[in-house]
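Colleague: I would like the atomic coordinates for the input below:
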Amino acid sequence: MQAWKEYQTQNKDRFLDELLDLLRIPSVSADSKYKEDVARCADAVKEHMLKAGCDTAEVCPTAGHPIVYGEKIIDPALPTILVYGHYDVQPADPLNLWTSGPFEPVIKDGKIYARGACDDKGQMFMHIKALEVMAKTNSLPCNVKVMIEGEEEVGSSNLGKFLEDNKQKLKADVVLVSDTSMISMEHPSIESGLRGLAYMEVEVTGPNRDLHSGVYGGAVANPATILCQMIASMHDENNHITIPGFYDKVLELTEAERKAINNAPFDLTEYKDELGVQDTWGENGYTTLERTGIRPTLEVNGIWGGYTGEGAKTVLPSKANAKISMRLVPNQVSDEISDLFKAHFEAIAPKNVTVKVTAHHGGEPVVTPTDSPAYKAAAKAIQTTFGKEPIPTRGGGSIPIVALFERTLGLKTVLLGFGLDNDNIHSPNEKYDVFNYYKGIETIPYFHKYFAESFGK
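Modeller: Numbering: from 1, shown residues only. Model (predicted):
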């Protein structure tokens, strides 16, 4: 495949410049003030698909942000790979913690710093560039369909309808996703599972208005205090989640499966040093790798109430709020967990406050088979470009649409990610190594080659 390597080498500077241009578009799906930028990014992705060699590409409207779809069909008799990614990004807040503008990408020490650099523009764009490499060298071994959405960061609420309405258009043999990470470039890995998600928002209300904390403090329940007490009660002394029924369907792994997970290279001291923490935290009886891959969690993502401005204001707030996410493992169902959370939160509320619980979005946990032709093709592709056999891992994050693809299209997914856990996704100073970006473009064509060769065997 010398032609692939030569084409990528000749065009590597352009490949990088085009990614930087894409990162300059603030396609924040969660904030309506960026709606025009999200649409502009969709148009840019469509143009890149066409330039890469897609026969057709279109921006498909939804009830929210658009989905970009393109395809390159060389022979209907050949296998078809459906590539999925997303062009929307997380909000950049807090802006004061960025060392450079979140939408003004810079390269420092071989790393691209920008919102979306790793999640998911950098990884999504690898597939468009890999398609270009194959198409322009007349060496595409199979059909390729590319679907890039603009609402992944807000729950992909319109993707399900798009899948239902376009089953024939999206007909394929496997879904290929790069929105995950590897252990390291020295220890390449493939994620063979992802946790699910149930995302909630809670509001605790006390008095009908903010009160003077001197006049009323000690006599009227403070919603912020009550909220903190309620949240704290959701873990016991073993950091076990106390919601009744929460663990009823959790799939427990065998000792052999747990041992295999813990065989992955991991340095606890290095892990703590990199995060700047004195010790780790989590459910007793499980290692860090197990806590972040095979066990469910409950985390506060944001909490607010009362006066948070500069200086002092002695106020007893009327309301306090929090956003809470629960990561789920196989056999747990997001709607069921959301209902359990709501019932529990309402049940533990004292009579001196009222509570409101809102379920935002969720997704189901998935496990992808490691003995499938598609997984083996991915492993062989990594072996080819890294010179090492990849380690199967379980991802701690969630990509809700993976379960949706299987349920709606009947397709399994391969998670061929090239990010790193320390790439600061969803945080200030998100980054993506230039090396990883190029390595992805180099590896992806081999997946297409090996999957096409294995098809039907």
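Colleague: what about the strands in the stretch 151-300 of the chain?
Modeller: With strands called from DSSP state E, counting those that start in this stretch, the stretch 151-300 of the chain shows them at 174-177, 181-182, 189-194, 196-205, 211-212, 297-305.
Colleague: between the longest one and strand 297-305, what angle do the directions make?
Modeller: I take that to be strand 196-205. 30 degrees (axes from the mean of the first three to the mean of the last three C-alpha atoms, to 10 degrees).
Colleague: mean confidence for strand 196-205?
Modeller: Per-residue pLDDT over strand 196-205 has a mean of 96.
Colleague: for it, buried residues please.
Modeller: For strand 196-205, burial by neighbour count (16 or more other C-beta atoms under 10 Å) applies to Gly196, Leu197, Ala198, Tyr199, Met200, Val202, Glu203, Val204, Thr205. Bear in mind the C-beta positions are built from the backbone N, C-alpha and C, glycine included.
Colleague: figure out how far it is from the centre of its chain.
Modeller: In terms of C-alpha atoms, centre = their mean, to the nearest Å, the centre of strand 196-205 is set 19 Å apart from its chain centre.
Colleague: just checking, what packs against it?
Modeller: Applying 3 or more C-beta pairs under 8 Å, 6 or more residues apart in numbering; DSSP states H and E, we find strand 196-205 packed against helix 223-232, strand 319-328, helix 334-347, strand 354-363.
Colleague: deepest-packed of those, please.
Modeller: Mean neighbours per residue, mean count of other C-beta atoms under 10 Å, is largest over these for strand 319-328, with a mean of 21.
Colleague: pairing partners for that strand, with directions?
Modeller: Sheet partners assigned to strand 319-328 using DSSP bridges are listed as strand 196-205 (antiparallel), strand 297-305 (antiparallel).
Colleague: ok, and what's touching that strand?
Modeller: 195-206, 223-224, 226-227, 231, 241, 296-306, 334, 337, 341, 364-365, 396-398 (C-beta atoms under 8 Å, 6 or more residues apart in numbering).
Colleague: apply 7 Å and report the result again.
Modeller: Identification of contacts with strand 319-328 by C-beta atoms under 7 Å, 6 or more residues apart in numbering yields 195-205, 223-224, 227, 231, 296-305, 334, 337, 341, 365, 396, 398.
Colleague: can you check stretch 24-37 too?
Modeller: So stretch 24-37 is contacted by 38, 40-41, 44, 65, 87-89, 91, 103, 105, 150-151, 153-154 (C-beta under 7 Å, 6+ apart).
Colleague: report the residue ranges of every domain in the protein.
Modeller: 2-194+365-454, 196-250+296-363 (automatic domain parsing).
Colleague: out of the ones you listed, the one nearest Ala256 is which?
Modeller: domain 2-194+365-454 (13.6 Å; C-beta to C-beta).
Colleague: end to end, how far does that closest one reach?
Modeller: With C-alpha to C-alpha, to the nearest Å as the measure, domain 2-194+365-454 spans 21 Å from end to end.
Colleague: would JSON lines of the strands paired with strand 319-328 with distance to Arg327 be doable?
Modeller: Shown next, in JSON lines, are the strands paired with strand 319-328 (distance: least, C-beta to C-beta, whole Å):
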{"stretch": "strand 196-205", "distance to Arg327": "6"}
{"stretch": "strand 297-305", "distance to Arg327": "5"}
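Colleague: quick one, which of the ones you listed gets closest to Thr443.
Modeller: strand 196-205 (27.6 Å).
Colleague: which residues are contacting the closest one?
Modeller: Outside strand 196-205, the residues within contact range by C-beta under 7 Å, 6+ apart are 223, 226-227, 318-328, 332, 334, 337-338, 341, 345, 353-365, 398, 400.
Colleague: helices along this structure, start to end?
Modeller: Under the criterion DSSP state H, the chain contains helices at 2-23, 35-52, 121-136, 159-165, 213-216, 223-232, 255-262, 268-275, 288-291, 334-347, 373-386, 401-409, 434-454.
Colleague: chain neighbours aside, what residue packs nearest to Asp179?
Modeller: The shortest distance from Asp179 to any non-neighbouring residue, by C-beta to C-beta, 6 or more residues apart in numbering, is to Asp120 (4.7 Å).
Colleague: quick revisit: so which of the strands paired with strand 319-328 is nearest Leu411?
Modeller: Of all those, strand 196-205 comes closest under C-beta to C-beta, at 18.0 Å.
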